[in-house]
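Participant: Curious how this folds, go ahead:
(2 chains)
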Amino acid sequence: GAGVSQSPSNKVTEKGKDVELRCDPISGHTALYWYRQRLGQGLEFLIYFQGNSAPDKSGLPSDRFSAERTGESVSTLTIQRTQQEDSAVYLCASSLVGGGNEKLFFGSGTQLSVL
Amino acid sequence: ELKVEQNPLFLSMQEGKNYTIYCNYSTTSDRLYWYRQDPGKSLESLFVLLSNGAVKQEGRLMASLDTKARLSTLHITAAVHDLSATYFCAGRLDGGGSQGNLIFGKGTKLSVKP
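Facilitator: Numbering: from 1, shown residues only, chains lettered A, B, ... in the order given. Modelled structure (predicted):
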């Protein structure tokens, strides 16, 4: 597609349930990022994938959070046993690597509400 | 650890006025990014600054980078209402292990009033 696509755009879930968020990066972009943005706050880094390298998981807040990426395509972010503090917008971004620019292109995000 | 601080966090200005948003970062960063976010929308890339002294301009916005002072500025000239948005700066560790990880500031919420 022309841009980064995320689904669903909105997700309401009950505390304790698992959720899965999906990100389709721009075709050809080898780098993929997940960020979390709480209401009125900045972006909090979660995880970064680059090609076949081991992902940088240093931003994942707990072991309830995990993410996978198939090759250089779709990524899924899974949150197990959701808590109310997980409520936020989850943003995915992709970029090319190399060339000195590496501008990130963001998706529209998934608004997660945990009741 | 790279920390990025923006100020002010909130800025209300009148149309036609000039102002500057500041972005300080705590350790060497090999590039500095500016993004814009409209309410309810995702982030849009504005500028990527790659080296000391870099200056980029688009329309009423001009961004600069001083790596020695660890400071980037976003200058707004003759503000118009359409510039109302939240502006984020982000840095990336210089040669750090997390090559891809951008660290964002908290954002500056700009409101331009007639």
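Participant: Close to chain B: what parts of chain A are there?
Facilitator: Where proximity means C-beta under 8 Å from any C-beta of the partner chain, the interface of chain A facing chain B comprises A:31, A:33, A:35, A:41-45, A:48, A:50, A:56, A:58-59, A:91, A:93, A:95, A:97, A:100-109. (Each C-beta comes from the backbone N, C-alpha and C, glycine too.)
Participant: how deep is residue 15 tucked in, by neighbour count?
Facilitator: In the absence of a named chain, chain A is used. Other residues within reach of A:Lys15 by the criterion other C-beta atoms under 10 Å in any protein chain shown amount to 11.
Participant: Chain B was what I was after
Facilitator: For B:Glu15, the number of neighbouring residues by other C-beta under 10 Å comes to 13.
Participant: Check A:Arg64 too.
Facilitator: The tally of other residues near A:Arg64 (other C-beta under 10 Å) stands at 14.
Participant: and what of the one 5 residues further on?
Facilitator: For A:Arg69, the number of neighbouring residues by other C-beta under 10 Å comes to 19.
Participant: That one is in contact with A:Tyr48, isn't it?
Facilitator: No. The criterion here is C-beta atoms under 8 Å, and A:Arg69 misses it with A:Tyr48 at 10.0 Å.
Participant: Can I have the buried ones of the residues of chain A next to chain B as a PyMOL selection?
Facilitator: To isolate in PyMOL the members of the residues of chain A next to chain B that are buried, counting by 16 or more other C-beta atoms under 10 Å in any protein chain shown, one can use:
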select buried, chain A and resi 31+33+35+42+43+44+45+48+50+56+59+91+93+95+102+104+105+106+107+108+109
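Participant: from the residues of chain A next to chain B, which ones fall inside strands?
Facilitator: Restricting the residues of chain A next to chain B to those inside strands, with DSSP state E as the criterion, leaves A:31, A:33, A:35, A:43-45, A:48, A:50, A:91, A:93, A:95, A:105-106.
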